[in-house]
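**Q** Structural data only, the sequence is not supplied:
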């Protein structure tokens, strides 16, 4: 990420609004979304690292949801 400070400033005080069966609460519970984003916001985890941590976790949650729907 070329400008992590700009990214942090842009998401400061923001929320993630999701529409669909996999809600923010599900991602928080199953992918540790809020805690990881908080670490980034508080400067204890670089944005690049937070995204690298979250992406596979979120993908796993989505893959599991689709598998339950019978979609591979």
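**A** That came through, no problem. Model, not experiment: these values are computed from the prediction.
**Q** can you point me to the longest helix in the chain?
**A** helix 47-68 (DSSP state H).
**Q** buried sites along that one?
**A** Residues of helix 47-68 classed as buried by neighbour count (16 or more other Cβ atoms under 10 Å): 47, 50, 51, 53, 54, 58, 61, 62. Any C-beta I mention is one placed from the backbone N, CA and C, and that applies to glycine too.
**Q** Now for residue 68: which residues touch it?
**A** Contact partners of residue 68, counting by Cβ atoms under 8 Å, 6 or more residues apart in numbering, are absent.
**Q** Ok, residue 33 next?
**A** Neighbours of residue 33 in contact, by Cβ under 8 Å, 6+ apart: 16, 24, 27, 54, 57, 58.
**Q** rerun that using 6 Å as the cut-off
**A** When contacts are counted by Cβ atoms under 6 Å, 6 or more residues apart in numbering, residue 33 touches residue 27.
**Q** Show me the shaky parts of this protein.
**A** Applying pLDDT under 70 to the chain flags the ranges 1, 15-18, 72.
**Q** Find the nearest non-adjacent residue to residue 57, please.
**A** residue 31 (3.7 Å; Cβ to Cβ, 6 or more residues apart in numbering).
**Q** Repeat that for residue 35.
**A** residue 28 (8.0 Å).
**Q** Phi first, then psi, for that neighbour.
**A** Torsion angles at residue 28 (phi, psi; degrees, to the nearest 10) stand at phi -70, psi -50.
**Q** ok, now the one 5 residues further on?
**A** In terms of degrees, to the nearest 10, the main-chain angles of residue 33 are phi -60, psi -60.
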